[in-house]
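Participant: predicted model follows, preceded by the sequence.
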Amino acid sequence: MAIELCFSCVVDSEYQGIRLDKYLALKIPSYSRVQLRSAIGAGEVTVDGRTAKPSYKLKQAQTVLCELSAPAIVVPHPEDIPLDILYEDDDLIAINKPAQMVVHPAKGHWQGTLVSALSHHFQQLSTVGGPERPGIIHRLDRDTTGVIVVAKHDQSHQLIAKQFENRTTRKEYHCLTLGIPDRDRDLIDEPIGPHPYVRERMAVRHDHPRARSAQSFFHVLERFRHIALLQLEPKTGRTHQIRVHLQHLGYPILADKLYGGRHPITAEFLMTGRDHREKEPTPVLTRQALHSAKLTITHPRTGNALTFEAPYPPDLVETIKILRAKNS
């Protein structure tokens, strides 16, 4: 067996009582929980020199040793999925990503991904991200819609990725929040790190070694009865940054079930602030109301500024239409 990763760690008091598989998932994010469970079952993980089950509860000061083999690489299978192309030239493509589309293969989402669609529609894509992520420079969450840029070749990929790294791109998101900010505009400057006990979430953390600075500027575009339409410009690019920052302020994104936004959203709730669930009304919005509306980059070949804009998807259009009708 070829060892891909050797990892040794002494369990801190912070992780007392945590499951072994969850602990490893926090410590080794490049491996999925399924891959780590398989490694534990294969005897590639020991606790104080002995093998253990994935559900084993760790104790403070125990030593966890991993000698992990390489995780299997999932190469996307081309699929004839329609794409809304905002812009294309010899160097890059700008896509208006729909909701419910994962950018690249991941646990539970092996088909229907953006890279599967890209692999079908385009002969050449950059290889910088590896065979499982052809062309992918940055990403959007599964249910976040809007602009995403894809590189056709490695030089374009590296030059655009550098712009994201140096924060010279300009990203503009629009979202609907449950609750209305008490000011027209403000800068949210709060560090973001792993959630203390929910692996899928991030959180504002001032006391965690893996927390990183994060800044998001927001501007209120419209106020409704109990909901606001916001424009946001994230200055950094942390995981779930906008969703975490707004939840921290007490204004979670509408229908964001991971971060406390009421879900799903019915027309009655939009108009009155409540609904009668016994009637089982058809929801208007079933995913977080977050949209990548605009992205400005420097073209990697010409050096000119390029701005891509994506129109609102139908569910956001309908939601805002109902809110405006109630306000009129």
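Facilitator: Sure, I can see it. These figures come from a predicted structure and were not determined experimentally.
Participant: contacts and neighbour counts: CA atoms only from here.
Facilitator: Fine.
Participant: what sits against the residue nearest the centre of the chain?
Facilitator: Central residue of the chain (CA atoms, centre = their mean): residue 141, 3.4 Å from the mean position. By CA atoms under 8 Å, 6 or more residues apart in numbering, the contact list for residue 141 reads 102-103, 240.
Participant: dump those residues to TSV, plus secondary structure.
Facilitator: Formatted as TSV, those follow (DSSP: H, G, I helix; E, B strand; the rest coil):
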residue	secondary structure
102	coil
103	coil
240	coil
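Participant: just curious, which of the residues you listed is nearest to residue 303?
Facilitator: Using CA to CA, residue 103 comes nearest to residue 303 of the contacts of residue 141, at 27.0 Å.
Participant: so the closest one is in contact with residue 112, correct?
Facilitator: No - under the criterion of CA atoms under 8 Å, residue 103 makes no contact with residue 112, lying 9.1 Å away.
Participant: filter the contacts of residue 141 down to the buried ones and hand me the ChimeraX line.
Facilitator: The ChimeraX selection below is limited to those of the contacts of residue 141 classed as buried (16 or more other CA atoms under 10 Å):
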select :102,103
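Participant: just the residues contacting stretch 154-169, thanks.
Facilitator: By CA under 8 Å, 6+ apart, the surrounding residues in contact with stretch 154-169 are 91-92, 125-128, 135, 137-138, 150-151, 235-236, 295-301.
Participant: circling back: relative to residue 22, which of the contacts of residue 141 is nearest.
Facilitator: Distances from residue 22 to the contacts of residue 141, taken by CA to CA, are shortest for residue 240, at 20.0 Å.
Participant: report the contact partners of the closest one.
Facilitator: Per CA under 8 Å, 6+ apart, neighbours of residue 240: 141, 201-202.
Participant: just the C-alphas of the host helix or strand of residue 307, formatted as PDB.
Facilitator: Assessed by DSSP states H and E, residue 307 sits inside strand 305-309. In PDB, the C-alpha atoms belonging to strand 305-309 read as follows (Å, rounded to 0.1, in the frame of the first residue of the first chain):
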ATOM      1  CA  ALA A 305     -11.700  44.700 -17.200                       C
ATOM      2  CA  LEU A 306     -14.600  42.200 -17.900                       C
ATOM      3  CA  THR A 307     -17.900  42.300 -16.000                       C
ATOM      4  CA  PHE A 308     -20.300  39.500 -16.100                       C
ATOM      5  CA  GLU A 309     -23.900  39.900 -14.900                       C
END
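Participant: check which helices and strands that strand sits against.
Facilitator: strand 85-88, strand 290-298 (3 or more CA pairs under 8 Å, 6 or more residues apart in numbering; DSSP states H and E).
Participant: need the winner for burial among those strands.
Facilitator: strand 290-298 (a mean of 21; mean count of other CA atoms under 10 Å).
Participant: quick check: mean pLDDT of that strand?
Facilitator: Strand 290-298 carries an average pLDDT of 98.
Participant: what pairs with it, and is each one parallel or antiparallel?
Facilitator: Here strand 290-298 is paired, per DSSP bridges, with strand 145-151 (parallel), strand 170-178 (antiparallel), strand 305-309 (antiparallel).
Participant: tell me the domain ranges of the chain?
Facilitator: Listed by automatic domain parsing, the domain ranges of the chain are 3-69, 74-166, 172-292+323-327.
Participant: so can I have CSV of those showing distance to residue 316?
Facilitator: Below are those laid out as CSV (distance: least, CA to CA, whole Å):
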stretch, distance to residue 316
domain 3-69, 32
domain 74-166, 10
domain 172-292+323-327, 7
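Participant: among those domains, which comes closest to residue 307?
Facilitator: Once these are compared by CA to CA, domain 74-166 is nearest, at 9.8 Å.
Participant: pLDDT on that closest one, on average?
Facilitator: Rounded mean pLDDT across domain 74-166 is 91.
Participant: that domain: how far from the chain's middle?
Facilitator: The chain centre lies 14 Å from the centre of domain 74-166; the measure is CA atoms, centre = their mean, to the nearest Å.
Participant: any weak-confidence spans in the stretch 151-300 of the chain?
Facilitator: 276-280 (pLDDT under 70).
Participant: go again with 80.
Facilitator: 199, 275-281 (pLDDT under 80).
Participant: could you pull out the strands for it?
Facilitator: Remark: strands assigned in the stretch 151-300 of the chain by DSSP state E, counting those that start in this stretch are 170-178, 185-189, 192-194, 202-204, 215-223, 227-234, 290-298.
Participant: for the third one, name the packing helices and strands.
Facilitator: So that's strand 192-194. Packing partners of strand 192-194 (3+ CA pairs under 8 Å, 6+ apart): strand 202-204.
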